[in-house]
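1. coordinates only, sequence not included:
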């Protein structure tokens, strides 16, 4: 693909003075932007980004200037006297407010039966150019003076506190204080009727949570507490003060991503910020806490110090993902969030990173159309966070902290590349980690460490780990082994190594702190499994052993049938997070028995058998003062019992549903209960639940209903649910991918959902073609398809679309993923069925 020019090389902005008038009802805006900046020596033009804007006039230093549009959203402005040095560029422009959730767009909601709207912005990654002419590149940092003219009777929020407001009865004019130096993608505003709750941090920073008046005021309390305490934590951990006077957090009814770290004005989906104190689940509160801490980490990583270009997006997202866990662990140590890290980030990172063709953490970006392909949550977020966790463990937390503190001191309000960070941590730790970390972030994939015992020696060898078809690879990594006993070295940098001396049961990657997996030979593996039975491994190591076993089975290094006795070794487990992994491992077996009813019954029986002791201990009802882990574990156990088609469990779910309102149901169990009654009940239940879906203001309840009704076995209802995805009065565009993924993953709904996405691809393009969620549809389809016929259909449909930059990589990986799954089923199906039938 053509490499676009970097416009900062033609003009370096210092300050934007932006005045924008918004006509919400007319769906139009108009504005005037004055840009003070410098023309470098050798440049003879001023080029700005402007997309879908009408340019009415342009001035350079008060003189009328010529302007023209070129490729790649370039607006070139010039006049004959243009010379190197300082210049003031003034552009008058106008544009449209449109429904796609980027640029300046409306958010829709109802309050007391009245339809209302907010206006909000979303500028990451390169959408500021849709609202005003600018140099829309992260390196082009400048200060911003913003003045907004809006309708009256609304709240107007920006990055900075309000300097002053005037109201003539027709228009509200709001002028904000000048921002610090920042990138265009972090500029933001929200306009509309809003409620709020506020507090202050220990240092006096104003923190506010905002939502529409349709939301209950007490749903803002939990987020307010987390946000204020998170800022206190980060100021202490980073040794650097939060740089702004306020921190606003706004729940938007329509929002494409989970949240966005706009400096001082963080925007969220409602489900990612609002928590009903009486009806929200523990899982929901934990999710909200991680989202808030993630976005607040960006106020330092990304906002105060920003990557020079999008190839280093991971400097933002990987660090924010690591820091969300560090912060939540400090705020709520009882949650044991590093176990969540092991059962979420680790699983998603390792599975995605094992497919040939996966992107590395740091990847070249030459064109804006490629930027949205970077936001692969399993790689830039999860894998990147695992690599930074590995680095933190390798150099020690104190050295890691010291390096970060110096990084912020040296690069505040500036732009950086990876080596800038590595240099600071090297200086702080005394360990030269630059080469090690650059290898990890630049190479795709990860190693498997093969471990065997020959006589009195432990023999190690590493190679790239793959699941599915792949090209030969000779990549090696510097692996921090994190092993026991101490005789094993800290680091291996070669293809193989031999450790002399008698070591009974070596264990590698203790604590799951490094991004590799271990393939133990017998009898080492058997000894570790005995340690599981005897409870001699830590919780996180029990999770890790089972997770790695599922990966080794997927790759063909072991048989999937070997998972069955391994899972049975966990039958006395009591830890919630380990049970999550047991459930994941059991789910690995489902695809082998979908077309064999008798063997599937054996798997269902195994699920119920394993869960029954905990089912009898926990029951259906929360006990007074029970541990939160037990409350969450109950949901996993009941899920396993319901999959096991335990008659008593099915009847109890129906009884609870019939005797309680949706809001009265235990929020931790509500999606399970809905799924069960829908799956084993009448079609009318789906219609009743869809009515509740459209009426409720609770995003958590809407999500639970979505999860529940997509479990229907009725083809009539499945068709209706698929049709609803395109109906914006039923399903918001932000939620469309959720409905699709639940349906395409469902056994009874997969075929219809796969056909639907192909039949409705033009709607997908029209609705999401410019959005980061565009590639969700080929990605989720690839994650669900299981047969040779479906593989060929995927190739036939998506191969012609590989020339679309936003889809190319995800399509190529999707083909590999399905090929690997089909190959796995053919290879292991008979052995898995025999093992189940022998139970």
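-> On my side now, so go ahead. Please read these numbers as outputs of a predicted model, since none were measured by experiment. Numbering: from 1, shown residues only.

2. So what's the predicted local confidence for residue 42?
-> pLDDT for residue 42: 80.

3. mind checking how far it is from residue 91?
-> Shown here: residue 42 relative to residue 91, a distance of 23 Å by Cβ to Cβ, to the nearest Å. Where C-beta positions appear, they are placed from N, C-alpha and C, glycine not excepted.

4. Looking at the two now, which is surrounded by more residues?
-> residue 91 (25 against 8; other Cβ atoms under 10 Å).

5. so that one touches residue 54, yeah?
-> No - the criterion here is Cβ atoms under 8 Å, and residue 91 misses it with residue 54 at 10.9 Å.

6. Go through stretch 373-380 and flag the buried ones.
-> Within stretch 373-380, the residues scored as buried using 16 or more other Cβ atoms under 10 Å are 373, 374, 375, 376, 378, 379, 380.

7. cool, and stretch 438-456?
-> Neighbour count says stretch 438-456 has 440, 441, 443, 444, 445, 446, 447, 448, 449, 450, 451, 453 buried, by 16+ other Cβ under 10 Å.

8. now stretch 483-496
-> If you call a residue buried by 16+ other Cβ under 10 Å, then stretch 483-496 has these buried ones: 483, 488, 492.

9. related to what we said a few turns ago, looking at the buried residues of stretch 438-456, spot the one nearest residue 674.
-> When the buried residues of stretch 438-456 are ranked by distance to residue 674 (Cβ to Cβ), residue 446 comes first, at 38.0 Å.

10. How about the contacts made by that closest one?
-> By Cβ atoms under 8 Å, 6 or more residues apart in numbering, the residues touching residue 446 are 350, 353, 354, 383, 464, 465, 477, 515, 516, 517.

11. Rebuild the residues you listed as JSON lines, extending it with pLDDT.
-> Below are the contacts of residue 446 laid out as JSON lines (pLDDT from 0 to 100):
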{"residue": "350", "pLDDT": "98"}
{"residue": "353", "pLDDT": "97"}
{"residue": "354", "pLDDT": "97"}
{"residue": "383", "pLDDT": "97"}
{"residue": "464", "pLDDT": "98"}
{"residue": "465", "pLDDT": "98"}
{"residue": "477", "pLDDT": "98"}
{"residue": "515", "pLDDT": "98"}
{"residue": "516", "pLDDT": "98"}
{"residue": "517", "pLDDT": "98"}
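
12. Show me these that map onto helices.
-> Counting by DSSP state H, those place 350, 353 in helices.

13. What remains of the contacts of residue 446 if I keep only buried residues?
-> Buried residues within those, counting neighbours by 16+ other Cβ under 10 Å: 350, 353, 354, 383, 464, 465, 477, 515, 516, 517.

14. circling back to that earlier point, now tabulate the buried residues of stretch 483-496 in a markdown table and tack on secondary structure and pLDDT.
-> Listed next are the buried residues of stretch 483-496 as a markdown table, based on DSSP: H, G, I helix; E, B strand; the rest coil; pLDDT from 0 to 100:
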| residue | secondary structure | pLDDT |
| --- | --- | --- |
| 483 | coil | 94 |
| 488 | coil | 91 |
| 492 | strand | 96 |
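
15. Which of the residues you listed sits closest to residue 686?
-> For these, the residue nearest residue 686 by Cβ to Cβ is residue 483; the value is 52.6 Å.

16. which regions of the stretch 451-600 of the chain lie under the pLDDT threshold?
-> Judged against pLDDT under 70, the stretch 451-600 of the chain has no low-scoring part.

17. Also the chain?
-> Applying pLDDT under 70 to the chain flags the ranges 1-2, 368.

18. swap the cut-off to 80 and go again
-> 1-3, 43, 366-375, 501-502, 681 (pLDDT under 80).

19. Grab the most central residue of it for me.
-> Centroid-nearest residue in the chain: residue 377, 4.7 Å away (criterion: Cα atoms, centre = their mean).
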